[in-house]
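> A predicted structure for the sequence below; I have some questions about it.
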Amino acid sequence: MKKTAVFAALIAAVALAGFLIYDGVANKTASADFFAMNTYVTADITGKDSAKCAEEAQKIVESLDTAVLSRTAENSVISHINLNGAGELDEKTAGYFSKLIEVCEKSGGAFDFTLGSVSDLWSFGSSPAVPDSEKLSQALSHSGYEKIILSGGRIEKSDKEATLDFGAAGKGIALDEIKACLESRRVKNAVVSVGGSVLLFGKKEFTVGIRDPFGNSGSYVAKLGVSDCCVSTSGCYEQQFEQGGKKYHHILDPETGYPVDNGLLSVTVISKSGLLSDALSTACFVLGIEKGSALAREYGCTAIFIDEDKNIYVEGDSGIIEITDGSYNLTERT
Ligand code: AMP
Ligand code: MG
């Protein structure tokens, strides 16, 4: 009798130890912090394969940048097309082009990934200044997504001077590639942030802050309760400068070549797809609240607009947002 009790206790202890070890392995964490795509990238991963995935996440972003999307890396796909006017794409890259052309079309050209030469004239990355208006209209005349023809795996520019720039969607694409990697590994949950785009991976509910457009990078106006999605924010505060008492930022109106000036300070879009959350946050910023909301609705995404009068407008699931700064108002659209 006594022997049986000891045996049972032993079994229970072994099972508990096994569970603790298993749980410990399942909750193993790893992280990666690095600079790529002209921004800071952080990945915090929990799960058996966390260490391997943290390494893979870094490789994914770095090689997507230098081999495919970068406009400055000499051998990237985008550089090749910009230089030669055409190029062959693998299936995955052709898919990115196809989805982005669709966003260009559905946004009526508000989103346009051919503004590279126009963007360059503003020199946001180096010494930003208002460009010469002649040069600006010249560069603008060579832009326009309609000049990009995708046919099967071949991409061609009808105007050789059009300059591809995936700056408004590349970070989201990186999140999609990391997400596919995490799905193929033993990972419980993860938070990966590439500049203004964040992947929340797993069943857990995460809290994501929306930055105060008037504050510094650590100040927030609202928090979102979300899971299993990507959250991207396009904010005028990301890259801006002042000249002649006026502020200029990096999100450009494809019709004028000048920064969008519609009273919005930031737009946040939530989507299962990183490419869409990133591209749509830029598109909705350019379109403004009414047209931007219609576009977000068409894609089934939630969009949060913040304007210069501290109004916050939500299109979609308003249940996920809690305003944490009393000087901002959650405002109904009329
Ligand atoms: P994001 O921060 O995702 O809104 O992307 C802004 C970046 O996208 C800029 O720095 C430019 O490189 C590029 N860009 C600016 N205006 C547009 C636009 N209207 N459509 C597409 N890309 C743009
Ligand atoms: Mg974007």
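Sure thing, it's come through. Ligands and ions are numbered 1, 2, ... in the order given.

> Residue 312 against residue 329, yeah?
Yes. Residue 312 lies in contact with residue 329 (Cβ atoms under 8 Å); the separation is 6.7 Å. Just so you know, the C-beta spots here come from the backbone N, C-alpha and C atoms, and that holds for glycine as well.

> What residues does the stretch 101-250 of the chain have near ligand 1?
111-113, 115, 119, 165, 167-168, 196, 234, 238, 250 (Cβ under 6 Å from any ligand atom).

> Near ligand 2, list only the ones from these.
168, 234 (Cβ under 5 Å from the ion).

> and for residue 312 and residue 329, which residues touch both?
Taking Cβ atoms under 8 Å, 6 or more residues apart in numbering as the criterion, residue 312 and residue 329 both touch residue 323.

> Pick out whichever of these two has more residues nearby.
Applying other Cβ atoms under 10 Å to residue 312 and residue 329 shows that residue 312 carries more neighbours, namely 21 against 12.

> give me the element the more buried one is part of.
strand 311-315 (DSSP states H and E).

> Which residue, other than its chain neighbours, is closest to the residue of the stretch 151-300 of the chain found nearest ligand 1?
Of all residues in the stretch 151-300 of the chain, the one sitting closest to ligand 1 is residue 167 (2.8 Å; Cβ to the nearest ligand atom). With sequence-adjacent residues excluded and distances taken as Cβ to Cβ, 6 or more residues apart in numbering, residue 167 is closest to residue 119, at 7.2 Å.

> and whichever helix or strand residue 241 is part of, average pLDDT?
Assigned by DSSP H and E, residue 241 belongs to strand 240-243. In this model, strand 240-243 has an average pLDDT of 93.

> for the closest residue to ligand 2 within the stretch 101-250 of the chain, what are its contacts?
Nearest residue of the stretch 101-250 of the chain to ligand 2, counting by Cβ to the ion: residue 168, 4.0 Å away. Residues near residue 168 by Cβ under 8 Å, 6+ apart: 111, 113, 234, 251, 278-279, 282.

> picking that back up, and which of the residues of the stretch 101-250 of the chain next to ligand 1 is nearest residue 41?
residue 196 (11.7 Å; Cβ to Cβ).

> For residue 108, see how far away residue 319 is.
30 Å (Cβ to Cβ, to the nearest Å).

> likewise residue 287?
8 Å.

> In terms of neighbours, single out the busier of those two.
Taking other Cβ under 10 Å, residue 287 and residue 108 do not tie; residue 287 has more neighbours (25 against 13).

> what's the closest residue to that one other than its chain neighbours in contact with, if anything?
Of all residues not flanking residue 287 in the chain, residue 110 sits nearest, at 4.7 Å (Cβ to Cβ, 6+ apart). Neighbouring residues of residue 110 by Cβ under 8 Å, 6+ apart: 253-254, 283, 286-287, 291.
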